[in-house]
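> here you go, sequence then predicted model.
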Amino acid sequence: MTGKKKMLQALKAKGVKYIFGYTGGAIMPIFDEMDKLGDFRFVMSRHEQGAAFMAQGISRASLSTSTPQIGVCMATSGPGAMNLTTGIADAYMDSVPVIAVTGQVATGVIATDAFQESDVVGVMMPICKQTYMPLAAEEVEATVHEAFYVAATGRSGPVLIDIPKDVQDQQLPEDYHFDANNFHPDLPGFFFHPSPEREVMQKAITLINRSQRPVMFCGHGVINSNAGKMLQKFAEKVNIPIAFTFHGLSAVPADHPLSLGMMGMHGTVEANRAIMEADLLISFGMRFDDRVTGKLNEYAQNADVIHVEIDPSEINKNVPTSVAINADVYRTLHVLLGDPMLTFKPRKRWFEKINSYRLLMAEDLQQEIEGSVGDGGKLLMKSIVHQLSELTKGKDLIVPDVGQHQMMAARFYNYQTENSWFASGGAGTMGASLPLAIGVKLARPTERVWSISGDGGFQMNIQELGTIMEQQVDVKILILNNGYLGMVRQWQTLFYDGRYAGTPMQSPDFGSIAQGYGIPYLKIETPEEIVPALQKAIDHQGAIILEFICDPSEVILPMIPAGGGFEDMIIKRPSPTPEEPSATTEQNGEES
Amino acid sequence: MIRRAILTFMLDRPGVLNKVSMLIRKKMYNVDTLTVCSSRVPGISRMTITLREDDEAKVEQIIKQLEKFTEVISAKELDTDHSYWREVAIIQLEVDAAHLESFHGRYNFEVLEKKNEDAYILQVAGSTRQIDSFLDEIGREYIIEIARTGVTAMEK
């Protein structure tokens, strides 16, 4: 029995079905053994970054199924491992459990600058929850079990196992013994509080009952603890509106009467205005990042904050908390729902106010969506997303890339399926969509998966079309091509006097690319073609690429400028001439 | 800025010290001293970090970030009223015997070596303030070389 065999046995014992990766000198023994054992479906990415995102896709999409799995990616030493880093840093930012296994040069040559040697543990340490380098075959199995435990316990995150080549091949000692069923890692300081404390819960309930203008926040923690339905029940029980963080989307149906939609930089007017005027924020599983709060000293100044969060270091980090509940979201909601003291309040005036905010931009947006094209006659992304939403009844799985189209997908798809939104949030990694969608589809094979990218992000991991071709993964690929890096262009329009530095982009003929990979392709240039093309994608069995020619001047509004407060929210399209003041804020707009 | 001491116990595993120093850099904490030694229990190390920080929330954040490491068993702030903070300095300096004699009884020091008539290597132990005041009184301009351990601390 060898280290490599123990590694694979332990992965199997932890329920791993897929291994994403790319072989190379230092990981060959494990790949060879994997091939012999035949226990896994190996998916070869075309770049290691792709493998890291595919592993993320498995973890994220499967967590709400009856068979949650932790995604595993593998790469060789040096450049192989280095190519994983972006996908791993992304997983760390977005609290996604992923196990990265990298081959390392043999122990005898470590630290000699051997061929393809990099200090992988050193590089990965700040972007991983934990890193390991087993130095003997008998350490391997326990390391894998501990790695899975650490990755998924408390706030999830990626874990690295860097295993030297000779350790992979090393024989276990004859007296080797490991009992996986009774294994518990010896980490006396690593624990978390799953259940909330009674005393703080009483404080929270008093605040909730007393509040006149409360807003509830649905964050990533709600998705991660499968608590969407509980949150909805709780919101209905106490009649409190729900605002979503970017990663909280799809936990509760987007068109629920209590939903305010997404909050923050590109959040809805109603969500941001309600937060500004709230007297209580009840936040479930989120971290108050800068895209959510804007300028901190102006954020929700009149509100008490109840913060339910599994990671204690997030409590009081950015926003001072009135009641800190360091616990699992699901268990906290369970306790709240069972409490007889909680009262339903009609909050008539509060909802009237909120409804008036809902109307602020509704007409403009409706007009844009119905018009489907911008001033130049090219398609509007929000209209494409809206029509996709209508056609699929909001039930499909959406995997956007990063940028303007991502915010459109966040705002204009009517999410109905719990855990149906998968995106790179904290790290904002362009190119995430295509490989992430592959993982999502493999984890949820019976559901339809849409990868939505811009022309920029699509080309960042375009090589994964090879994986889609080889593995025959049925991902519907939408490229919203506006010839620019749209989100940066929007900032340039609003804040850089329309100087488009480094954003115009020439793209290849995506039709020829698609043909090269044997994937059907359609180009859509007029509004009438949108629905038939989407329908064609739905009817086609297998991957398909739809390229939409989009209006580069489209903007996603509202927008709170980076570093600005909620008062600075931009709700009107900017004037087209760069000489004039570049944006209209709420203060000088018609609203107030 | 207020001087703070954080005492933390952690598993003696590879990379722990690296993690702590990366945290200090990443979060841009203003660290004065950092000492590590083994504890009473085999496999568990104790680390004392002193830093200058007025903001209570920032200190709380450091402690939470330390506790987040899987290897860290506990981390807490020690206040001066309820704990001892001590360090040791080894000093090579020019001083004559008579001058040195005047420090006896007032400072806890020991002559490690008499190099010649007016050059000594001394060991001074005590609080940071005591060592600082020893150095001030003896005259910093006469010091040839100095090595200080940094603070280690224990609760009363």
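Looks like it came in fine.
> which parts of the biggest helix by length in chain B are buried?
Determined from DSSP state H, the single longest helix within chain B is helix B:56-68. Using 16 or more other C-beta atoms under 10 Å in any protein chain shown as the test for burial, helix B:56-68 gives B:58-68. Using the backbone N, CA and C atoms, a C-beta is placed for each residue, glycine as well.
> export these to a markdown table and tack on distance to B:T8 and pLDDT?
Below are the buried residues of helix B:56-68 laid out as a markdown table (distance: C-beta to C-beta, whole Å; pLDDT from 0 to 100):
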| residue | distance to B:T8 | pLDDT |
| --- | --- | --- |
| B:K58 | 16 | 87 |
| B:V59 | 13 | 90 |
| B:E60 | 14 | 91 |
| B:Q61 | 14 | 90 |
| B:I62 | 10 | 91 |
| B:I63 | 8 | 94 |
| B:K64 | 12 | 93 |
| B:Q65 | 11 | 93 |
| B:L66 | 5 | 94 |
| B:E67 | 8 | 94 |
| B:K68 | 12 | 92 |
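> quick check: mean pLDDT of the longest strand seen in chain B?
The single longest strand within chain B, with elements called by DSSP state E, is strand B:83-94. Taken as a whole, strand B:83-94 has a mean pLDDT of 96.
> and stretch A:38-52, by the same measure?
Mean per-residue pLDDT for stretch A:38-52: 98.
> now it: how far from the chain's centre is it?
The chain centre lies 20 Å from the centre of stretch A:38-52; the measure is C-alpha atoms, centre = their mean, to the nearest Å.
> got the contact list for A:V399?
A:V399 is in contact with A:57, A:422-423, A:433, A:436-437, A:440, A:449-452, A:475, counting by C-beta atoms under 8 Å, 6 or more residues apart in numbering or on different chains.
> that older thread, between the buried residues of helix B:56-68, which is nearest chain A?
Chain A lies nearest to B:K64 out of the buried residues of helix B:56-68, by C-beta to the nearest C-beta, at 3.7 Å.
> for the closest one, which non-adjacent residue is spatially closest?
Nearest residue to B:K64, sequence neighbours excluded (C-beta to C-beta, 6 or more residues apart in numbering or on different chains): A:S313, at 3.7 Å.
> and if you look at A:R499?
Nearest one to A:R499, counting by C-beta to C-beta, 6+ apart, is A:Q492 at 6.0 Å.
> what about the closest residue to A:L296 other than its chain neighbours, neighbour count?
In space, A:L296 comes closest to A:N318 once its chain neighbours are excluded; the distance is 6.1 Å by C-beta to C-beta, 6+ apart. Neighbourhood size, A:N318 [other C-beta atoms under 10 Å in any protein chain shown]: 15.
> strands of the stretch 401-550 of chain A, start to end?
A:449-454, A:475-481, A:521-524, A:544-549 (DSSP state E, counting those that start in this stretch).
> okay, buried residues for whichever helix or strand B:M22 is part of please.
In this assignment (DSSP states H and E), B:M22 forms part of helix B:16-26. The neighbour-count check on helix B:16-26 (16+ other C-beta under 10 Å) flags B:16, B:19-20, B:23-24 as buried.
> tell me the gap between that helix and the middle of its chain.
On C-alpha atoms, centre = their mean, the centre of helix B:16-26 falls 18 Å from that of its chain.
> quick one: list the elements packing against it.
Packed against helix B:16-26, as judged by 3 or more C-beta pairs under 8 Å, 6 or more residues apart in numbering or on different chains; DSSP states H and E, are the following elements: strand B:31-38, strand B:44-52, helix B:56-68.
> for it, give the mean pLDDT please.
Taken as a whole, helix B:16-26 has a mean pLDDT of 90.
> point me to the residue of the stretch 101-250 of chain A nearest chain B.
A:G189 (3.5 Å).
> domain-wise, how is the chain divided?
This is for chain A. What automatic domain parsing lists as the domains of chain A is A:3-182, A:198-353, A:372-549.
> you answered for a different chain; I wanted chain B.
B:3-78, B:86-155.
> most tightly surrounded among these?
Ranked by mean neighbour count under mean count of other C-beta atoms under 10 Å in any protein chain shown, those are led by domain B:3-78, which reaches a mean of 17.
> so A:L522 versus A:E529, what's the distance?
A:L522 is 8 Å from A:E529, where distance means C-beta to C-beta, to the nearest Å.
> before we move on, what about B:R148?
75 Å.
> to A:H177, which of the helices and strands packed on helix B:16-26 lies closest?
A:H177 sits nearest to strand B:44-52 of all these, at 25.1 Å, using C-beta to C-beta.
> now do the closest one: which elements does it pack against?
Using 3+ C-beta pairs under 8 Å, 6+ apart as the contact test, the elements touching strand B:44-52 are strand B:3-11, helix B:16-26, strand B:31-38.
> swap in 10 Å and give it another go.
Judged by 3 or more C-beta pairs under 10 Å, 6 or more residues apart in numbering or on different chains; DSSP states H and E, strand B:44-52 is in contact with strand B:3-11, helix B:16-26, strand B:31-38, helix B:56-68, strand B:72-78, strand B:83-94, strand B:152-155.
> got the CA positions of the third one in CSV?
It refers to strand B:31-38. Extracted in CSV, the C-alpha atoms of strand B:31-38 (Å, rounded to 0.1, in the frame of the first residue of the first chain):
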residue,chain,number,x,y,z
VAL,B,31,3.9,45.1,16.0
ASP,B,32,6.7,45.9,18.6
THR,B,33,7.8,42.4,19.7
LEU,B,34,7.0,38.8,19.0
THR,B,35,8.3,35.9,21.1
VAL,B,36,7.6,32.2,20.8
CYS,B,37,8.5,29.4,23.1
SER,B,38,7.3,26.0,24.1
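> residue contacts, the residue lying closest to B:F9 once chain neighbours are set aside?
Excluding its sequence neighbours, the residue lying closest to B:F9 (C-beta to C-beta, 6+ apart) is B:I73, at 4.5 Å. For B:I73, the contacting residues are A:187-190, B:8-11, B:39, B:41, B:44-46, B:67, by C-beta atoms under 10 Å, 6 or more residues apart in numbering or on different chains.
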